[in-house]
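Novice: structure for this input, please:
(one chain, ligands or ions: 1)
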Amino acid sequence: MRNPTFSLEVFPPKRTAPIGTIYDTMDGLQGIKPDFISVTYGTGKSTDRTATARIANTIRAEYGIESVAHLTAQYLDRDGVDQALEMFKQAGVSAVLALRGDTIEGAQPANIFCHASDLVEYIAQSGTDFDIYAACYPEKHPQASSLDEDLDNLKKKVDCGVNRLISQLFYDNEDFFRFLDAARDKQIDVPIEAGIMPVTNVHSVKRMAKMCGARIPEKVRVLLDKWGSDPDSLKTAGVIYACEQISDLVANGVDGIHLYSMNHPGVTRRIWSNVYSLFAERL
Ligand code: FAD
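Specialist: Okay, here's the model as predicted:
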């Protein structure tokens, strides 16, 4: 992989949408050269487990790009995890992004993989040769009482066998740099990719910020106020904002950028066309 790495994230189409829509997304991403594309995994028992594996397989086999499969495990038993890992192996994925997943109201967790670290440990001891990736939270996970507590838990997770971390989205690079310093102080030494989610519409920024506990800084608020009712201009401003975040992160030596594509190839391409030379292969 390059240093810094550049990766993308896509999600399986909604159950009501034809699976073929992922081809539209992938065709739209042609020409972008990410180190890998990760595919999200639903949470809960009734998740279509095959969708992540099928899309990961398509990315690798038909588009020639390394694929990473997410796996959320708090509602799975060991058989469920084994089945998912076998599907990922058949699909040729290079790494599994091991997650606990969000809690679903009213659903009963299996109480086996209570934290992502339990899944990391299980995969590390499974005899499979996946790299193991995991999530981290520059502004702390919403359930943690402090960043320090969250980092202690992150350290436990990494020590169970994580090779690479991918961060939650954030809109202010200072939050990421602060987190990075604190993580390194705790001897969390694996590469940490910065998660960037471009601002594309007011509703999704507010929803994601609420869901992930991400702070909306004044600079983003100004964009939302100015162009909230002008979708094309807001998209342009969002692309520029994401490019500025990326160039500042790369200039400061970030290990990698993980762009949440939200299955919007147009926005992803516009960002890539501005920043690709920052990710040129090092001689
Ligand atoms: P954990 O690492 O288990 O952490 C969750 C909370 O538990 C934290 O507050 C942590 O401090 C605490 N904790 C962790 N370990 C311990 C411990 N040993 N003892 C006590 N407390 C502990 N969701 C999906 O449904 N599907 C996806 O595909 C998906 N992909 C994601 C990709 C990325 C890059 C990120 C950042 C998030 C993703 N999520 C996804 C969201 C994720 O599932 C939620 O944020 C979830 O609430 C936490 O998952 P986790 O794996 O980070 O949990």
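Novice: so residue 6, which of the three states?
Specialist: Reducing the assignment to helix, strand or coil with DSSP: H, G, I helix; E, B strand; the rest coil, the entry for residue 6 is strand.
Novice: please renumber the chain so that the first residue is 337 from this point on.
Specialist: Yep, numbering from 337; the last one is residue 342 now.
Novice: ok, it - contacts?
Specialist: Residue 342 makes contacts with 369, 370, 371, 592, 593, 595, 611, 615, as judged by C-beta atoms under 8 Å, 6 or more residues apart in numbering. (Each C-beta comes from the backbone N, C-alpha and C, glycine too.)
Novice: tell me what it is bridged to.
Specialist: In this structure, residue 342 has beta-bridge partners residue 593, where bridges are defined by DSSP bridges.
Novice: quick check, pLDDT for it.
Specialist: What the model reports as pLDDT for residue 342 is 97.
Novice: and it, how far from residue 532?
Specialist: Noted for residue 342: a distance of 10 Å to residue 532, by C-beta to C-beta, to the nearest Å.
Novice: intersection of neighbour lists for those two?
Specialist: Joint contacts of residue 342 and residue 532 (C-beta under 8 Å, 6+ apart) are 593, 595.
Novice: tell me how many other residues surround the residue nearest to residue 482 when sequence neighbours are not counted.
Specialist: Sequence neighbours aside, residue 476 is the residue nearest to residue 482 in space, at 6.7 Å (criterion: C-beta to C-beta, 6 or more residues apart in numbering). Each residue near residue 476 was counted by other C-beta atoms under 10 Å, and the total is 20.
Novice: measure residue 476 to the ligand for me?
Specialist: Taking C-beta to the nearest ligand atom, to the nearest Å as the criterion, residue 476 is separated from the ligand by 7 Å.
Novice: show me the residues around that residue that make contact.
Specialist: 482, 483, 485, 486, 549.
Novice: and what of residue 454?
Specialist: Taking C-beta under 8 Å, 6+ apart as the definition, contacts of residue 454 comprise 409, 448.
Novice: please report phi then psi for residue 429.
Specialist: Residue 429 adopts backbone torsions of phi -70, psi 150, taken as degrees, to the nearest 10.
Novice: likewise for residue 456?
Specialist: The phi and psi torsions at residue 456 (degrees, to the nearest 10) take the values phi -60, psi -50.
Novice: now do the contacts for it.
Specialist: Counting by C-beta under 8 Å, 6+ apart, the residues that residue 456 touches are 434, 468, 470, 493, 496, 497, 498.
Novice: and if you look at residue 585?
Specialist: 509, 512, 530, 593.
Novice: same thing but at 6 Å, please
Specialist: Residues touching residue 585, when contacts are defined by C-beta atoms under 6 Å, 6 or more residues apart in numbering, comprise residue 530.
Novice: next one: phi and psi at it?
Specialist: phi -70, psi -40.
Novice: how close does it sit to residue 435?
Specialist: The separation that residue 585 has from residue 435, given C-beta to C-beta, amounts to 23 Å.
Novice: give me the three-state assignment for residue 405.
Specialist: Classified using three-state DSSP, residue 405 is strand.
Novice: can I assume it is in contact with residue 393?
Specialist: No: Residue 405 is not in contact with residue 393 according to C-beta atoms under 6 Å; the separation is 9.5 Å.
Novice: nearest residue to residue 549 in space, please, no chain neighbours.
Specialist: Here the residue nearest residue 549, using C-beta to C-beta, 6+ apart, is residue 478, at 4.0 Å.
Novice: tell me if the one you found really is in a strand.
Specialist: No: note on residue 478: no strand contains this position according to three-state DSSP, which reports coil.
Novice: what does the stretch 487-619 of the chain put close to the ligand?
Specialist: Residues of the stretch 487-619 of the chain found near the ligand, taking C-beta under 6 Å from any ligand atom as the criterion, are 489, 492, 493, 502, 504, 531.
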